[in-house]
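Participant: sequence first, predicted model second:
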Amino acid sequence: MKRYETLARDISDSILAGTLKCGDQLPSVRVASTSRGVSPSTVFQAYYLLEAQGLIAGRERHGYFVVANGHGLSPVSTAAIPPRAEITTVDVSELVFEILASVGQRKVVPFGSAFPSPLLFPTAALARSMAEALPKQDRWSAVDTLASGLPALRREIALRYLINGQQINPDDIIITNGAMEALNLCLMAATKPGDAIVIESPCFYGALQALERLNLKAITVPTHAETGIDLVALEVALQEHRPSACWLMTNFQNPLGSSMSDEKKQALVNLLAAHEVPLIEDDVYGELYFDNLRPTPAKAYDRHGLVMHCGSFSKCLAPGYRIGWTVPGRLFRQVARLQLTTSLAASSPAQEALALYLSRGHYDHHLRMLRSTLAGNQRKMASAIARYFPAGTTAMEPAGGYFMWLKLPDSTNALQIQRLALEQDISLAPGPMFSPRRDFTNYIRLNYGHIWDEQAEAAVATLGHLISHRR
């Protein structure tokens, strides 16, 4: 453990033990440096780490103060996750539709939203790109590129793979109407009605809806809040249930926020290859990392064409453009044919605009600003939860994305809290919508990807009050 991590751990332990209480001021950097015999930069690194964890906060010209309650925000327990894989039918659509219907109302604080705030996206710059690109568009291109999408956009996407160390041929990419179409096409290409599919527990509700619509069974495999899917349980599921495919989020999983290590991703790919099971990799949050490097997708370890990597611009650049893509490997032809018989193609103007925007190097600048905003919002939400939520609340603070998964005290009914919160014009995503069996009854997912202001702070305080008094 590095020196700054040791210092941060010692302070964190004091906060969690109640020795340091909410509102207490930490020693100045100079005093801490002298007393611990470390450099000022070491103290700064420790304080930055604690701030990122939502335990302390800096105040300009006043120093650092404890902002967490004594119970703090510890990692989410996985006690409610089934200990082994289970196979079940899926019936969640009505619950999901009922809950999501409330999110679109502008007066509602959108903690239950699936998207970041539209105010965080470069709408004007994208509009200028479209206005410039369309007059120059070859009129035949909308017809010529139906098969896989605009060559210029596929080339830009391939370049992003290259930047991250992956060699992907543009001809191996299929442009789709958002990531959900990419994921659904891959699922249809790999399965037939009645098949069983491995999913995570908890799981993105869009995957559950897709399985329900296609009459597929779910094999739920426990997923750790920090390290991702349990590979031991997965191997048992592969042997016992012989699934047709596996649908996972390896980076910043929704709703947990968990990410698999590179070693674990490689082991995952090797395990699935040994059983000849395709992996549908949902990587829509991969660009929203808070560390220095983009996390590697499992696709990077694919040597057999079994990983069907899916991405999108909807979560990080242009939600309304509905442009996603997939690199479906050996099932390329099946996915391409399915697209031609369903949606035919993605919007040509949207593809033109995105290709021009990306070619001019604006995307990375936008992403840096977006990541910074999301990381800051996470710290603010974690701090607010520590202040206002009751003892017994635990939370996972992921290293990317914009969701926080919370375990509430055991007696809490998340669906009841969701209804009560909506009466106060606050939306949230209750745990049961992330499970085919409607498990995780005392869990909720909160979105910190919207503008953080006094209304958001007050909404967290209201949620804390509802949870404290309705258990």
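Facilitator: Thanks, I have the structure now. These figures come from a predicted structure and were not determined experimentally.

Participant: quick one: secondary structure of Gln416?
Facilitator: helix (DSSP: H, G, I helix; E, B strand; the rest coil).

Participant: thought it was touching His469?
Facilitator: No. Assessed by Cβ atoms under 8 Å, Gln416 is found out of contact with His469, at 11.5 Å. C-beta: built from backbone N, CA, C; applies to glycine.

Participant: more neighbours: which of these two?
Facilitator: Shown here are Gln416 and His469; by other Cβ atoms under 10 Å, Gln416 has more neighbours (15 against 9).

Participant: report the contact partners of that one.
Facilitator: Arg470 (Cβ atoms under 8 Å, 6 or more residues apart in numbering).

Participant: gap between it and Thr462?
Facilitator: 15 Å (Cβ to Cβ, to the nearest Å).

Participant: what do you get for Ile417?
Facilitator: Ile417 is 11 Å from Thr462, by Cβ to Cβ.

Participant: neighbour count: these two, which is higher?
Facilitator: For Ile417 versus Thr462, neighbours defined as other Cβ under 10 Å are more numerous around Ile417 (21 against 17).

Participant: now the stretch 1-150 of the chain, which segments are flagged as low pLDDT?
Facilitator: For the stretch 1-150 of the chain, residues meeting the criterion pLDDT under 70 lie at 1, 16-17, 52-54, 59-62, 68-86, 91, 102-105, 136-146.

Participant: wait, isn't Arg155 in contact with Asp171?
Facilitator: No. Between Arg155 and Asp171 there is no contact under Cβ under 8 Å: 9.9 Å.

Participant: shared neighbours, those two?
Facilitator: Common neighbours of Arg155 and Asp171 (Cβ under 8 Å, 6+ apart) do not exist.

Participant: strands paired with the longest strand anywhere in the chain, and their directions?
Facilitator: What stands out as the longest strand in the chain, according to DSSP state E, is strand 217-224. Applying DSSP bridges, strand 217-224 is found paired with strand 86-88 (antiparallel), strand 196-201 (parallel), strand 228-229 (antiparallel).

Participant: now those as TSV including distance to Val269 and mean neighbour count?
Facilitator: Shown next, in TSV, are the strands paired with strand 217-224 (distance: least, Cβ to Cβ, whole Å; neighbours: other Cβ atoms under 10 Å):
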stretch	distance to Val269	mean neighbour count
strand 86-88	23	15
strand 196-201	14	26
strand 228-229	12	24
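
Participant: so how far is the longest strand of the chain from its chain's centroid?
Facilitator: 17 Å (Cα atoms, centre = their mean, to the nearest Å).

Participant: just to be sure, Thr326 is in a strand?
Facilitator: Yes. Counting by three-state DSSP, Thr326 falls inside a strand.

Participant: rewinding a little: Arg155 and Asp171 - which one has more neighbours?
Facilitator: More crowded of Arg155 and Asp171, by other Cβ under 10 Å: Arg155, with 15 against 12.

Participant: name the SS class of the more buried one, please.
Facilitator: Once three-state DSSP is applied, Arg155 turns out helix.

Participant: would Arg445 count as being in a helix?
Facilitator: No. Using three-state DSSP, the assignment for Arg445 is strand, not a helix.

Participant: so where do the strands sit in the stretch 151-300 of the chain?
Facilitator: Secondary structure of the stretch 151-300 of the chain by DSSP state E, counting those that start in this stretch: the strands cover 174-177, 196-201, 217-224, 228-229, 245-248, 279-282.

Participant: then the last one to CSV, C-alphas only?
Facilitator: Only the C-alpha atoms of strand 279-282 are listed here, as CSV (Å, rounded to 0.1, in the frame of the first residue of the first chain):
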residue,chain,number,x,y,z
LEU,A,279,-20.4,-13.0,-25.2
ILE,A,280,-22.6,-10.0,-25.9
GLU,A,281,-20.6,-7.2,-24.3
ASP,A,282,-22.5,-4.1,-23.4
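
Participant: and the pLDDT for the residue lying closest to Asn215 once chain neighbours are set aside?
Facilitator: Leaving aside its chain neighbours, Asn215 sits nearest to Pro193 (4.2 Å; criterion: Cβ to Cβ, 6 or more residues apart in numbering). Looking at Pro193, its pLDDT is 95.
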